[in-house]
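Asks: 3D, please:
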Amino acid sequence: MQDNSYKPDHTGMIASPDEIDSITPVDFSPPPPPQNRIKLSLRWYHVVIVVGVLIVSVPAWFVLTARSVFIDVSPADATVDVVSGFAVQVGPRYLMRSGDFQVQVSAPGYFETLADIPVGAEQAQTHPVELVPRPGLVSVQVLDGEGMPLSGARVLLDGVDLGLSPLQDVEVPPGTYNLQVQQQRYLDFTTTIDVAGRLQPQAHDVTLSPAWANVRFTTVPAGADIIANGDVLGVTPAQIELLQGAYEITLKRSGYKAWQDDLQVSAGADINLADVTLEAADGLVFIRSVPGNANVTINGEFRGQTPLEVSLPPGQAHDVRLFRTGFNTASRTIRTTAEEEQDITVALDPVTSLVRVIAEPADAELYVDGELKGAANQTIELIAATQRIEIRKEGFVAYATNFTSRPGLDQEIRVQLKTEEQARQESIQPVITSAGGQTLHLFNPYPYTMGSSRREPGRRANETLRDVNMEKPFYLSLHPVTNEQFRRFRADHASGTLQGTSLDLPNQPVVQVNWLDAALYANWLSAQESLTAFYVIEEGAVTGVNADANGYRLPTEAEWEWAARADGQGGTRRFPWGDTWPPGPEHGNFADESTAAFLGQYLRGVNDRYAGTSNVGSFAANALGLFDMAGNVSEWVHDVYGAVSGLSSVRETDPIGPDEGRYRTIKGSSWAHGTMTELRPSFRDFGEEPRNDLGFRVARYLGN
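Replies: Have a look, this model is predicted:
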């Protein structure tokens, strides 16, 4: 039987019978099994407990991790405030964790400071902080000797100007200072003061002592100006304040002589000078004479030469005498009054004498003390004194002398003027000595023929005949340059040895020199005598010559050959010793029996005893007095070596060789030569390298 009663559904509601007719299935999942849960309930006392634990644990943690820091401040009573970072003060120390802190430190009288405090890992730390004290307040009052204030005194501390007194509360950093006070007319004051600082006031009273003294002046008569070091200070009688020091005192009144004395004034030491009695002033006399420069005596005392100004005492006669050589003595008597000025002129009477002047040429002119007196040939009246006599004519060298005429004597001046050329010739020195020690003789060469004819025995092809005019006088040294002379120029030079025998002795001719060495030596000689160098040197090489130079040089080939061949009578020789062959052992140092051991060609039957060089001048001179023109050493000459032509009909004048070329000409024979070819002066050789038988001698032009 169907039960139609109402039944509740799963929601607890009672379904109607219509609703029960259909049943709709739904998804169903069983609920999870029941779990055991713990349910906490927070109460107020729980919060109290937690807060209490935190309050206790945080400070404990800070205390355990903080460092004990002592901030050592100076001064000790300074106040410390931590302005950056957390810190806890515990008595004199602070608990701070590691890190950077800033503290502000202050104290009365000090500059406040903000200090950095780096706290490290050390458990206990000390950090010093020293405050800088503020300046002290310095006041300076300056007083005079009577205790009265002096304003305007200069006040300095350690030389720094603080200003003028009185000074009030000047800020000065603490320390020890040198206090100086300066005031005109007072002695400088100096003392040492200590400034405490910290705005503490300090007052200093300074008493200055006067730098003057009172000086009393009185004169008889009164009314004289008082002059000290050129400044007029008052009129006598007077008491004057003078600063300490040295004074030149002058007391002067019109109509009286000035009184002068030196006075030393010390500060505070008053002086009362004794009465000064003034003397009446001298008269002033100005004395002239015609002519001037006369000697003047007054009352027998020499006073000077005219024009002359003298002061003479008034009220008396003075004997004035004037003297001058060649004039009669003049005498005058003069009187003066006080401060009177007189001007006297005295014409002197000359004492004269007749002097006859005879001069050649006849149209010469006569000058006396620079004044033209007319024709030189005359009898002239001269005063009895020393005068400058000159006789002049154009184109002639003037004659000049100091002449003194003597009254009563028959005197004559006789003069023969010389032409300028005559005077030049007479002034020429026939012999000179160089700074290097060479003696040079002057030669006036004449025309001759250089070279040799084709028929002359021993002739070589380069000895072309050439007619040359020799017009320039020249100096030529008597000997070749020696080792000693060359070493004055080049101290380290060595001429070497030959077969174990020295070539380097002082008086042997220098060898092992090239042509440039010889030219440089000539320029060096010129420099020693301040002469113009002949050779132009650029970068160590000769690039030209100065033909107008007055300095030393090498002889030209033409000069050397002429000097070697001249016979002293206007002709020439074949050999330096004459025209004969062979030479004798006295004629020169040649290759002879002494060199037979190492030379193939030599003079047989001749032995000069020298295997190498000999001392210069060891053998006979030639006709001109020149030594070693044959033998000993061959010689560099000035000329560039070059072929010469004998085809030209033009006679050369003073030739100096080609302008350019590699080689230089060598003239003369040496100890290594023994053939007729080499011993002739016309023999020409050339080279560029030094040799042990090659030297040189020096020359100079005349008149350059």
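
Asks: and the closest residue to residue 507 other than its chain neighbours, how many neighbours does it have?
Replies: Spatially, and ignoring its direct neighbours in sequence, residue 507 is nearest to residue 615 (4.1 Å; C-beta to C-beta, 6 or more residues apart in numbering). No exception for glycine: its C-beta is placed from N, CA and C like everyone else's. By the criterion of other C-beta atoms under 10 Å, residue 615 has 17 neighbours.

Asks: likewise residue 350?
Replies: The tally of other residues near residue 350 (other C-beta under 10 Å) stands at 14.

Asks: hmm, it is touching residue 326, no?
Replies: Yes - at 5.9 Å, residue 350 counts as touching residue 326 under the criterion of C-beta atoms under 8 Å.

Asks: which strand or helix spans the residue nearest to residue 507?
Replies: Counting by DSSP states H and E, no helix or strand carries residue 615.

Asks: mind listing what it touches?
Replies: 505, 507, 508 (C-beta atoms under 8 Å, 6 or more residues apart in numbering).

Asks: for residue 526, same thing?
Replies: 532, 533, 534, 549, 550, 551, 552.

Asks: reformat those as JSON lines; add pLDDT, neighbour count and distance to residue 572.
Replies: Putting those into JSON lines (pLDDT from 0 to 100; neighbours: other C-beta atoms under 10 Å; distance: C-beta to C-beta, whole Å) gives the following:
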{"residue": "532", "pLDDT": "95", "neighbour count": "13", "distance to residue 572": "32"}
{"residue": "533", "pLDDT": "96", "neighbour count": "21", "distance to residue 572": "32"}
{"residue": "534", "pLDDT": "97", "neighbour count": "26", "distance to residue 572": "27"}
{"residue": "549", "pLDDT": "94", "neighbour count": "19", "distance to residue 572": "29"}
{"residue": "550", "pLDDT": "93", "neighbour count": "17", "distance to residue 572": "29"}
{"residue": "551", "pLDDT": "96", "neighbour count": "22", "distance to residue 572": "29"}
{"residue": "552", "pLDDT": "97", "neighbour count": "30", "distance to residue 572": "26"}
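
Asks: in helices, which of the residues you listed fall?
Replies: Among the contacts of residue 526, no member falls in helices (DSSP state H).

Asks: how much space between the residue nearest to residue 372 when sequence neighbours are not counted and residue 379?
Replies: The shortest distance from residue 372 to any non-neighbouring residue, by C-beta to C-beta, 6+ apart, is to residue 365 (6.3 Å). Plainly put, residue 365 is 16 Å away from residue 379 if you go by C-beta to C-beta, to the nearest Å.

Asks: between the two, which is the more surrounded one?
Replies: Using other C-beta under 10 Å as the criterion, residue 365 and residue 379 rank with residue 365 on top: 16 against 10.

Asks: ok, and the closest non-adjacent residue to residue 186?
Replies: residue 208 (4.0 Å).

Asks: which phi and psi does the one you found have?
Replies: phi -90, psi 140 (degrees, to the nearest 10).

Asks: that one: neighbour count?
Replies: Residue 208 is flanked by 20 other residues according to other C-beta under 10 Å.

Asks: for the chain, what spans make up the helices?
Replies: So, for the chain - with DSSP H - the helices run 44-65, 420-427, 483-487, 515-528, 557-565, 676-679.

Asks: winner for burial among those helices?
Replies: Mean neighbour count (mean count of other C-beta atoms under 10 Å) peaks for helix 557-565 among these, with a mean of 25.

Asks: just give me how far that helix sits from the chain centre.
Replies: Distance of helix 557-565 from the chain centroid (C-alpha atoms, centre = their mean, to the nearest Å) equals 50 Å.

Asks: quick check: end-to-end length of stretch 644-661?
Replies: One end of stretch 644-661 to the other measures 13 Å (C-alpha to C-alpha, to the nearest Å).

Asks: before we move on, what about stretch 228-242?
Replies: With C-alpha to C-alpha applied, stretch 228-242 spans 9 Å between its terminal residues.

Asks: buried residues in it, which are they?
Replies: For stretch 228-242, the neighbour count (16 or more other C-beta atoms under 10 Å) marks 228, 233, 236, 240, 242 as buried.
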